[in-house]
Structure formats: structure tokens, C-alpha cells
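take a look and give me a structure for this.
(one chain, ligands or ions: 1)
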Amino acid sequence: MTFAESLRAATMPAHEQANHSPFITALLGGELSVDAFAALSSQLYFVYGALEEAAETMRNHPTAGQFVFDELTRIPALRQDMEFYFGPAWEKEIRPLPATEAYCARIREVAATSPEQFVAHHYTRYLGDIAGGQAIRVKLKNLHNITGPGSLFYVFDRIPSPPKFRDNYRELLNTVWTPAEQKSLILESIRAYEHNVAIFTALAGNMPAYQLSPSVD
Ligand code: HEM
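Here you go, the predicted structure:
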């Protein structure tokens, strides 16, 4: 088994938990209003702020720096999505949830101390966005007719072939880490999933406000 395969296998239960959390299930099930998508994106704006600052810190690192692909950068897209959802004063309208603050704090902490733990966070978010994140993009289009701003976070227009990109990324994962670093990367990726689940759980607390009323015949 390659390291990328072990990583995928070891994080599969965490992936299932994230993927089947009640907020994501309701979101993908078409039960929630556009405000739920906006709320999720607003939290991701803070997460990617921390992640992309960490990437700048790691850019020249001999191993972690190899994972800093500029074509992944999400903040410019998220800023446009925020303006679409919250208007020109969006920066005053959005706030990180405590669960989001904890996730950002962990990203900042590992960016200062551990290249492989930084890559664990990088892997967990970006590879997920390129794969499963696309399910959210499709829902935004089909349920709410949103294809441009509002969904730009899910559009990787600088990555012509996502499967090829994922293969290259996995190849890189397979080549650069020592066994001890591999172990640490796996544990941190599971932790990254837990942070994501914590955000979904917090957002689920607001689900009654997002719930679309059942259609009346
Ligand atoms: C919205 C619900 C989700 C769906 C439908 C979904 C679906 C998928 C699918 C089908 C793949 C496999 C793609 C492939 O074979 O290359 C995948 C991979 C992945 N997903 Fe998700 N996912 C979801 C949520 C998440 C979340 C919330 C995260 C983490 C925050 C995540 C992280 C990942 C990662 C890291 C991979 C790459 C695994 C690997 O190949 O090593 N996913 N997802």
C-alpha cells in the first residue's frame, strides 16, 4: 500500500462522519435555504484565511513547500462569494464561530511548528474540495440556480484536470515523508476532519432557521 492509500484508508471513518453529518446531509438533501450555503462559506472564508497564510509561511520549506500550489488558492473566490451573499459590507457581516476559531488556531499552531501537520490540513481541505466539494457546487446550481459568484469557492478554474492533479498530489505525498512524519500526518488529518465536523455541528444548531418550508400542494 502506498502512503497516500494508507492515508485515505486511515481517514475513511472520519470522512464518513464528516460526509454524513446532519448539516451536510440536509444541505445535500435540498432541505436548506441559500443562507445555509452562505453560512458554510463564511466559515470557510476564515479557515482558508488561516490555511493560505500557513501556505505562505511554508512556501519555501523544502518538503511542505512542494504542496503550495497557487492554483488551489481559494481566498479570492471566497471574497467574491462573500460579497454575493452578504453585500459590499460583508466583512462586517460575517463572524467565525468558536469551532472555526479553534480550527484556525490549530492551523496556525502547526504552520509554525510542523511541516507534515500543515500538509495534513492542506490535504484534508483541498483534496476534499476538489472531490466531494463538487457535490455542493452541483446542489447550489440545481437547487438555487447559483453558478457564478456564490459558488466560486467550488470552481477550480486553474486546475484543468482534477483527477490528474489528485494523482500528482498523491505521488508527492508518497515521496517526501519519513515514516514518523507519515504517522503524524495521518493523525493530524483525522484531527482536521474533527475540526470540520465541529463546524458542521455548530452550523446544525442553526438549522431550524435554514430549513425550507415543505411545499404546499
Ligand atoms: C459534501 C459531502 C462530501 C462528499 C459527497 C464527499 C465525497 C468524496 C468522494 C466521492 C471522494 C473520492 C474522490 C476520489 O476518488 O478521488 C472524496 C475524497 C475526499 N474527501 Fe470528501 N466528500 C464530502 C465531504 C468531505 C469533507 C467535509 C472533507 C473534509 C473536510 C472531505 C475530504 C476529502 C478528502 C481529503 C478526499 C481525498 C481522499 C484521498 O483520495 O486521499 N470530504 N470525497
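
could you look up the SS state of the spatially closest residue to M1 that is not a sequence neighbour?
With sequence-adjacent residues excluded and distances taken as C-beta to C-beta, 6 or more residues apart in numbering, M1 is closest to A9, at 7.5 Å. From N, CA and C alone the C-beta is placed, and that goes for glycine too. When classified by DSSP: H, G, I helix; E, B strand; the rest coil, A9 comes out as helix.

what distance do you get for A9 to the ligand?
For A9, the distance to the ligand (C-beta to the nearest ligand atom, to the nearest Å) stands at 9 Å.

contact partners for the spatially most central residue of the chain?
Computing the C-alpha centroid of the chain and ranking residues by C-alpha atoms, centre = their mean puts R125 first, at 3.7 Å. By C-beta atoms under 8 Å, 6 or more residues apart in numbering, R125 lies in contact with V47, Y48, L51, A192.

what is the neighbour count of the residue of the chain found nearest the ligand?
The nearest approach of the chain to the ligand comes at G132, 2.1 Å away (C-beta to the nearest ligand atom). The local packing of G132 (other C-beta atoms under 10 Å) involves 14 other residues.

read off the pLDDT value for it.
As predicted, G132 sits at a pLDDT of 86.

now do L212
With respect to pLDDT, L212 scores 89.

let me know whether it touches S33 as I believe.
Yes: under the criterion of C-beta atoms under 8 Å, L212 makes contact with S33 at 5.5 Å.

near the ligand, which residues of this protein are found?
Within the chain, the positions near the ligand by C-beta under 6 Å from any ligand atom are 7-8, 15, 18-19, 24, 123-125, 127-128, 131-132, 135-136, 166, 193, 196.

whichever of those residues end up buried, select them in PyMOL.
This is the PyMOL syntax for the buried subset of the residues of the chain next to the ligand, where burial follows 16 or more other C-beta atoms under 10 Å:
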select buried, resi 7+8+15+18+19+24+123+124+125+127+128+136+166+193+196
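
from the residues of the chain next to the ligand, which ones fall inside helices?
Per DSSP state H, helices hold the following members of the residues of the chain next to the ligand: L7, R8, H15, A18, N19, I24, G128, A135, I136, R166, Y193, N196.

a markdown table for those residues, including pLDDT and distance to Q182?
Listed next are those as a markdown table, based on pLDDT from 0 to 100; distance: C-beta to C-beta, whole Å:
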| residue | pLDDT | distance to Q182 |
| --- | --- | --- |
| L7 | 98 | 8 |
| R8 | 98 | 13 |
| H15 | 98 | 18 |
| A18 | 97 | 22 |
| N19 | 95 | 24 |
| I24 | 97 | 28 |
| G128 | 96 | 19 |
| A135 | 94 | 29 |
| I136 | 96 | 30 |
| R166 | 97 | 18 |
| Y193 | 98 | 17 |
| N196 | 98 | 21 |
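
S42 sits in which helix or strand?
Element membership of S42 [criterion: DSSP states H and E] is helix 34-58.

and the next helix or strand past that helix?
Downstream of helix 34-58 (by DSSP H and E), the next one is helix 75-86.

rounded mean pLDDT for that following helix, please.
On average, helix 75-86 scores 98.

do the same with stretch 40-56
Rounded mean pLDDT across stretch 40-56 is 98.
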